[in-house]
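Visitor: Generate a structure from the sequence data that follows.
(one chain, ligands or ions: 1)
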Amino acid sequence: MKVAVLTGGGDCPGLNAVIRAVVRRATEHGFEMMGLRDGWKGLLEDNHFRLTRETTSGILHRGGTILGTSRVNPFKVENGLEKVKRAVERNGIHAIIAIGGEGTLSAATRMSQEGLRIVGVPKTIDNDLNGTDFTFGFDTAVTIATDAIDRLHSTAESHKRVIVCEVMGRHVGWIATYAGIAGGADVILVPEIPADLKKVAEHIQRRNASGRTFSIVVVAEGTLVKASPDQDEHLITSGALDEAGRPRLGGVGSIVAQQIEQRTGFETRVSVLGHIQRGGVPTAHDRVLATRFGVHACDMVARGEFGQMAALRGNDIVSVDLALATKELKRVPEEFFKVAQVFFG
Ligand code: F6P
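Guide: Numbers count the residues shown, from 1 in each chain. Next up is the predicted model:
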């Protein structure tokens, strides 16, 4: 039986660990594994190669994806679905394991509704996919961001500055919340709570008055902030978003830093972590989670659990409805905003 595997959307530490686990388990099931290059594009362009234990050996700890990735969505390509169906038939593909985030899994859901045999594996450093407690890649991103915040502390303290650290998180503030709490940030700004920079400035001023002459502010890239000191009632979007309406890297971080400096008079700097959070080796935790997802996804194919996705629930890896992943965003629960007396919002 031939099974294809693809990685779609932004890359994420742990992708190679999933691929390796899928291939190893496939050998036990007697499946022949095919790797599709650059996500769904590999099917549309018939670009694939055979995956074996040998060709996937030594990749467990490597960042990125040996399959390559893209954001190509067959439903946005002319006759895309037909092309995919024809490629599946022509190559004798029994099932597809799609490892991806919001975009890849939405396409996977639609394809499975169109009769294709698909199994999903949730992937994103943002941890915003519904249906699973955690996604792999998140722990690595948080570890990198926490290390950065630790480093920013010493320089902020020496120079008596405010440092704004912008982390990823287009729709939700999981990375900002975890790294901010772990790194002992003084203020954490997340998309779940539109930021009131007047209050943020007052908080920093209070800190200063009590003798703390530096502050660390962690802000998720998708946070909404108010435009300027005299436009308190307006939430801005323009400065921090690009033409496609997606957060512009460094956009919100710069606005927050500018505003804090203007409102407090304290020297402020901004540090944008960007894609550093997505690159390099996965943490041990992410390697284990990715491996468990890969094994489970392969077993799902063997059991015929199509239209479903591997998910973490508590300590167990389970199968859930694929459509659940993208039904709604998994936001940070409010309980986190009360932790450790960090100033949120
Ligand atoms: O999907 C995760 C993510 O890291 C988002 O937080 C971020 O907005 C986006 O990817 C950036 O992706 P790219 O620059 O690769 O388009």
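Visitor: And for residue 265, the neighbour number?
Guide: Using other CB atoms under 10 Å, residue 265 is surrounded by 11 other residues. C-beta coordinates here come from the backbone N, C-alpha and C atoms, glycine included.
Visitor: and what of residue 81?
Guide: The tally of other residues near residue 81 (other CB under 10 Å) stands at 15.
Visitor: and residue 305, what does it touch?
Guide: For residue 305, the contact set (CB atoms under 8 Å, 6 or more residues apart in numbering) comprises 119, 319.
Visitor: Would you confirm that it belongs to a strand?
Guide: No. Using DSSP: H, G, I helix; E, B strand; the rest coil, the assignment for residue 305 is coil, not a strand.
Visitor: Residue 295 touches residue 21, doesn't it?
Guide: Yes. Contact criterion CB atoms under 8 Å: residue 295 and residue 21 qualify, at 5.1 Å.
Visitor: the more surrounded of the two?
Guide: With neighbours defined as other CB under 10 Å, residue 295 and residue 21 compare such that residue 21 has more, 23 against 19.
Visitor: circling back: so what sits against both of residue 295 and residue 21?
Guide: Shared contacts of residue 295 and residue 21, defined by CB under 8 Å, 6+ apart, are absent.
Visitor: just for the stretch 151-300 of the chain, where's the confidence low?
Guide: Applying pLDDT under 70 to the stretch 151-300 of the chain picks out residues 226-241, 243, 245-247.
Visitor: Pairing partners for residue 97 in the sheet, please.
Guide: The partner list for residue 97 in beta bridges (DSSP bridges) reads residue 5, residue 119.
Visitor: residues contacting it?
Guide: By CB under 8 Å, 6+ apart, residue 97 lies in contact with 3, 4, 5, 6, 22, 118, 119, 120, 121, 297, 298, 301.
Visitor: Looking at the residues you listed, state which has the most neighbours.
Guide: When neighbours are taken as other CB under 10 Å, the top entry among these is residue 120 (35 neighbours).
Visitor: secondary structure element for the residue of the stretch 1-150 of the chain found nearest the ligand?
Guide: Nearest residue of the stretch 1-150 of the chain to the ligand, counting by CB to the nearest ligand atom: residue 10, 4.0 Å away. Here residue 10 is covered by no helix or strand, with elements defined by DSSP states H and E.
Visitor: can you count the residues close to it?
Guide: Residue 10 is flanked by 20 other residues according to other CB under 10 Å.
Visitor: What separation do you get for it and residue 321?
Guide: Distance, residue 10 to residue 321, using CB to CB, to the nearest Å: 24 Å.
Visitor: again, but for residue 270
Guide: Per CB to CB, residue 270 is found 41 Å from residue 321.
Visitor: Would you double-check that residue 26 falls in a helix?
Guide: Yes. Read with three-state DSSP, residue 26 is one of the residues of a helix.
Visitor: can you tell me which residues contact it?
Guide: Contact analysis of residue 26 by CB under 8 Å, 6+ apart lists 3, 32, 33, 298.
Visitor: With distance to the ligand and secondary structure as extra columns, can I get the residues you listed in JSON lines?
Guide: Compiled in JSON lines, the contacts of residue 26 are given as follows (distance: CB to the nearest ligand atom, whole Å; DSSP: H, G, I helix; E, B strand; the rest coil):
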{"residue": "3", "distance to the ligand": "26", "secondary structure": "strand"}
{"residue": "32", "distance to the ligand": "31", "secondary structure": "strand"}
{"residue": "33", "distance to the ligand": "26", "secondary structure": "strand"}
{"residue": "298", "distance to the ligand": "25", "secondary structure": "helix"}
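Visitor: Distance to residue 150 for those residues - can I get that in a markdown table?
Guide: What follows is the contacts of residue 26, written out as a markdown table (distance: CB to CB, whole Å):
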| residue | distance to residue 150 |
| --- | --- |
| 3 | 43 |
| 32 | 47 |
| 33 | 41 |
| 298 | 38 |
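Visitor: Next, the buried residues of stretch 276-288.
Guide: Going by neighbour count (16 or more other CB atoms under 10 Å), the buried part of stretch 276-288 is 277, 278, 282, 283, 285, 286, 287.
Visitor: Spatially nearest residue to the second one (excluding sequence neighbours)?
Guide: In other words, residue 278. Excluding its sequence neighbours, the residue lying closest to residue 278 (CB to CB, 6 or more residues apart in numbering) is residue 125, at 5.6 Å.
Visitor: That neighbour and residue 12 touch, don't they?
Guide: Yes. The pair residue 125 and residue 12 qualifies as a contact (CB under 8 Å) at a distance of 5.4 Å.
Visitor: which neighbours do these two share?
Guide: 135, 137, 278.
Visitor: Hmm, residue 105 and the first one touching each other?
Guide: No. With contact taken as CB under 8 Å, residue 135 and residue 105 are classed as non-touching, separated by 10.8 Å.
Visitor: Looking at residue 270 and residue 321, which is more packed in?
Guide: residue 270 (21 against 15).
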